[in-house]
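A.B. asks: Have a look; sequence and predicted model below, questions after that.
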Amino acid sequence: MPTLDISATITNTTTNETLSVRPDAFATTGEHEDSGVIEVGTSETTLTLKTDIGDAGYAIVVNRDSTNYVELGFSTGSYVVKLLAGQVALMPLQSTISAIYLRANTAACDVQYKIFEQ
C-alpha cells in the first residue's frame with residue numbers, strides 16, 4: 001500500500017511571510033497513478049484518468065507555458081481553477097472524478113500532470 005507524503009511552502013518575497021504545511025503522510029489503498037504532459041488548446045481539452053485508477057485521490061497540475069493561463073474544471077464547460085503561466089495546483093479529488101477539463105487562453109499550452117489513486 002503506497003504512502004503519499006505532501007508538503008508545500010509559499011513565501012511572500014516582499015514581506016518575507018512564509019506558510020509551510022506538511023500534513024501527516026497518509027496511506028492509500030490504491031497503487032495506480034497517471035502522469036504526462038498534454039497540449040491544451042483554446043478549445044476544451046479532456047484529460048481522462050486512466051481506467052485502472054479506481055478512485056481518484058490527488059492531482060498536481062503544472063502550467064508549463066511562459067505566457068498564457070489555463071483554466072480547469074471537473075465538468076465540461078465549467079472551469080473553477082485558473083493557472084497562470086508557470087503556476088502549480090495540488091488538489092485532493094473526489095473519488096468519482098474520471099476526467100479533468102482544460103482550456104488555454106490565447107494560445108495552446110503544455111500542461112504537466114500527475115494523478116494518484118486514493
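C.D. replies: Arrived safely.

A.B. asks: show me the contacts for L19.
C.D. replies: For L19, the residues meeting the contact criterion (CB atoms under 8 Å, 6 or more residues apart in numbering) are T9, I10, T11. (C-beta placed from N, C-alpha, C; glycine too.)

A.B. asks: any idea how far it is from T9?
C.D. replies: Per CB to CB, to the nearest Å, L19 is found 7 Å from T9.

A.B. asks: Same question for E17.
C.D. replies: Between E17 and T9 the distance, using CB to CB, works out to 11 Å.

A.B. asks: can you check G57 too?
C.D. replies: Per CB to CB, G57 is found 22 Å from T9.

A.B. asks: which one of those two has more residues nearby?
C.D. replies: Just comparing G57 and T9: by other CB atoms under 10 Å the higher neighbour count belongs to G57, 23 against 9.

A.B. asks: partner strands of the strand or helix carrying that one, parallel or antiparallel?
C.D. replies: With elements delineated by DSSP states H and E, G57 resides in strand 56-63, which encompasses its position. In its sheet, strand 56-63 lies beside strand 88-92 (antiparallel), strand 109-117 (antiparallel), with partners assigned from DSSP bridges.

A.B. asks: Identify the residues contacting the residue lying farthest from the centre of the chain.
C.D. replies: Largest separation from the mean C-alpha position in the chain: T15, at 27.9 Å (CA atoms, centre = their mean). By CB under 8 Å, 6+ apart, T15 lies in contact with nothing.

A.B. asks: pLDDT weak spots in this structure?
C.D. replies: 1, 24-26 (pLDDT under 70).

A.B. asks: Please enumerate the strands of it.
C.D. replies: Along the chain, the segments classed as strands by DSSP state E run 3-4, 8-12, 17-21, 26-27, 33-40, 45-48, 56-63, 70-73, 81-83, 88-92, 99-104, 109-117.

A.B. asks: What distance do you get for V40 to L102?
C.D. replies: Here the distance between V40 and L102 works out to 4 Å (CB to CB).

A.B. asks: you'd agree I100 is up against A59?
C.D. replies: Yes. Taking CB atoms under 8 Å as the definition, I100 is a contact partner of A59 at 6.8 Å.
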